[in-house]
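J.: Need coordinates for the below:
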Amino acid sequence: MKRTLSGLIMECKIGNIAAQNGFDAVVNAANAWLRPGGGVAGAIHSAAGPGLLEECRPLAPIKPGEAVITGAHHLPNKFVIHCLGPVYEKDEFSGKVLANCYCNALKLAEEHKVKSIAFPLISTGVFGYPFKEGVQVAFTALKEMIPQLTFVRRVVFVVRDKSKLAVLNQELARFHF
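T.: Residues are numbered from 1 along each chain as shown. Presented below is the predicted three-dimensional model:
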């Protein structure tokens, strides 16, 4: 599904976050040390190659809600924006921290004149954030950021399966921007 909101194209799709051709930046659901791991971080580091880890080392550690930017190395993008999401029901104010991930990623995208960006649903994997709630936090954060976006014109949310895509599309269809 696609929606255009104040000139911003927003869409949801199934895919591999590490294989998003045509996007200036992809977002990594990172760990504090910006190292390879499972899930999104593992896929991105594996596809980007060892240069990504080397570039990440001096930027770590980061705190929940923070974002940093690196080159994309062997990925088909220009940048990787790394965000550390909250662990659900462990990190205090996890909804606000999760919203900060999206807002901080978009601020970095603006600073680097990124026109298109692909997001995973941060913290909804091993960090345990309920998927539907995570989608609502992401969309609300994006809504708050739209007036500040002058370069970012396209945002995609990438998931790995049809059931999650159905939830994303349902929420996108009824979300009020």
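
J.: in stretch 129-137, what's buried?
T.: 129, 131, 134, 135, 137 (16 or more other CB atoms under 10 Å). Yep, even glycine has a C-beta here, placed from its N, CA and C like the rest.

J.: what does stretch 134-148 give?
T.: Neighbour-count burial for stretch 134-148 [16+ other CB under 10 Å]: 134, 135, 137, 138, 139, 141, 142, 145, 146.

J.: pLDDT of stretch 143-154, averaged?
T.: Average pLDDT, stretch 143-154: 96.

J.: Name the helix or strand of this structure that has the lowest mean pLDDT.
T.: None of the helices or strands of the chain scores lower by mean pLDDT, DSSP states H and E than strand 2-5, at a mean of 90.

J.: what packs against it?
T.: When contacts are defined as 3 or more CB pairs under 8 Å, 6 or more residues apart in numbering; DSSP states H and E, strand 2-5 sits against strand 8-14.

J.: And the buried residues of stretch 134-148, which is closest to residue 125?
T.: residue 134 (9.6 Å; CB to CB).

J.: Can you tell me the SS state at that closest one?
T.: Secondary structure assignment for residue 134 (DSSP: H, G, I helix; E, B strand; the rest coil): helix.

J.: which residues touch the residue nearest the centre of the chain?
T.: With distances taken as CA atoms, centre = their mean, the residue of the chain nearest its centroid is residue 119 (3.1 Å). Contacts for residue 119 (CB atoms under 8 Å, 6 or more residues apart in numbering) come out as 27, 102, 105, 138, 155, 156, 157, 158.

J.: I'm done for today, thanks for sticking with me.
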